[in-house]
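I'd like to go over a predicted model; first the sequence, then the structure.
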Amino acid sequence: MKSDGNLVELARAGIRVNTDWLVRGVDMSVAPGEIVTLIGPNGSGKSTTAKMALGILSPTEGTAHRRNALTVGYVPQKLSIDWTLPLTVRRFMRLTNPLTADECSSSLELTGAGHLIDASMRHLSGGELQRVMLARAIARRPDLLVLDEPVQGLDYGGEIAIYELISEIRRTHGCGVLMISHDLHVVMAAADQVVCLNGHVCCRGTPSDVSKHQSYQQLFGARAGGALAVYEHHHDHVHLPDGKVQHKDGTTCHDCSGEHHTAPDQEASSAAGSQNEGRLTRVG
Ligand SMILES: Nc1ncnc2c1ncn2[C@@H]1O[C@H](COP(=O)(O)OP(=O)(O)OP(=O)(O)O)[C@@H](O)[C@H]1O
């Protein structure tokens, strides 16, 4: 099967258990530096598709091809941890990963969780846990990052912060990202491609294309309508080391979050800790 430089490629891939097809006929690929998002309702086959991409499940029909010597970072939907046991973030990072102290702390720093290194896993908030899990997945510099519901349990601001972080990791590491969600609000965050599943591929394309697609609108009904906002990532300003903000036009401000120089028709987000600006654009 051809790979065309893709990290992973599924072709007409499907999984059958006994007589039931869990998902069928999936064509999908992730290239280096690309973010592909799988969306669909509960039970539509998103995790099953991701597991075929990861090689955890072999397709019953069709093919799943991964690039030779591909390294993968995986954040599963559920952690199988005994939460009654005391476990620090530092130990969790190294449980199945032979990480150096540097690898451990630098990846936690990158996800904004450096200060949590000695915290107890069971006391982390939802957003902190997601940042620690992301740090663990990126610690070995994977070629492909697979994230199953990376924003589960987070509030709206927390979702945007995590999506922005994922965009930043893709930009700095150049890895491909396969992301799964059944959330519709900012799920298309920075995705290059969206694949909409419901036991098969209903529709696919750029976030804007998919949000206008008839199958997508039928699948998600009223939720797919005007309330949908596609999160777009822009690099409009830079936070200088002295705390000033330098805008795209070169002007600098003292006390500004970077939001007030955006076009008036754009709604600026306030994702915490970001070097860049994200904004929400209504579509459809
Ligand atoms: N090993 C299995 N044996 C039988 N059925 C399975 C198995 N694994 C998954 N399924 C079924 O396959 C379907 C797809 O499951 P999958 O976990 O891929 O869905 P999903 O889109 O990720 O759902 P969710 O959004 O709820 O996480 C579901 O109906 C599920 O019950």
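Sure, I can see it.

Roughly how far does residue 78 sit from residue 175?
As judged by CB to CB, to the nearest Å, residue 78 and residue 175 stand 23 Å apart. (C-beta placed from N, C-alpha, C; glycine too.)

Check residue 127 too.
22 Å.

which residues of this protein fall in helices?
46-54, 89-94, 101-110, 126-138, 156-173, 207-212, 214-220 (DSSP state H).

Mind putting those helices into a markdown table with mean neighbour count?
Formatted as a markdown table, the helices of the chain follow (neighbours: other CB atoms under 10 Å):
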| stretch | mean neighbour count |
| --- | --- |
| helix 46-54 | 24 |
| helix 89-94 | 20 |
| helix 101-110 | 17 |
| helix 126-138 | 23 |
| helix 156-173 | 20 |
| helix 207-212 | 20 |
| helix 214-220 | 17 |
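
The ligand: which of those helices is closest?
helix 46-54 (3.3 Å; CB to the nearest ligand atom).

these two touch, right, residue 219 and residue 39?
No: with contacts counted by CB atoms under 8 Å, residue 219 stays clear of residue 39, the gap being 9.0 Å.

So for the two, which residues contact both of them?
residue 196 (CB atoms under 8 Å, 6 or more residues apart in numbering).

Nearest residue to residue 129 in space, please, no chain neighbours.
In space, residue 129 comes closest to residue 121 once its chain neighbours are excluded; the distance is 7.6 Å by CB to CB, 6 or more residues apart in numbering.

picking that back up, ok, which of the helices of the chain comes nearest residue 73?
With CB to CB as the measure, helix 126-138 is the member of those nearest residue 73 (3.3 Å).

packing partners for the closest one?
strand 72-75, helix 89-94, helix 101-110, strand 144-148, helix 156-173 (3 or more CB pairs under 8 Å, 6 or more residues apart in numbering; DSSP states H and E).

Now render the ones you listed as JSON lines, adding distance to residue 46 and mean pLDDT.
Converted to JSON lines, the helices and strands packed on helix 126-138 look like this (distance: least, CB to CB, whole Å; pLDDT from 0 to 100):
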{"stretch": "strand 72-75", "distance to residue 46": "14", "mean pLDDT": "91"}
{"stretch": "helix 89-94", "distance to residue 46": "25", "mean pLDDT": "93"}
{"stretch": "helix 101-110", "distance to residue 46": "26", "mean pLDDT": "92"}
{"stretch": "strand 144-148", "distance to residue 46": "8", "mean pLDDT": "93"}
{"stretch": "helix 156-173", "distance to residue 46": "17", "mean pLDDT": "84"}
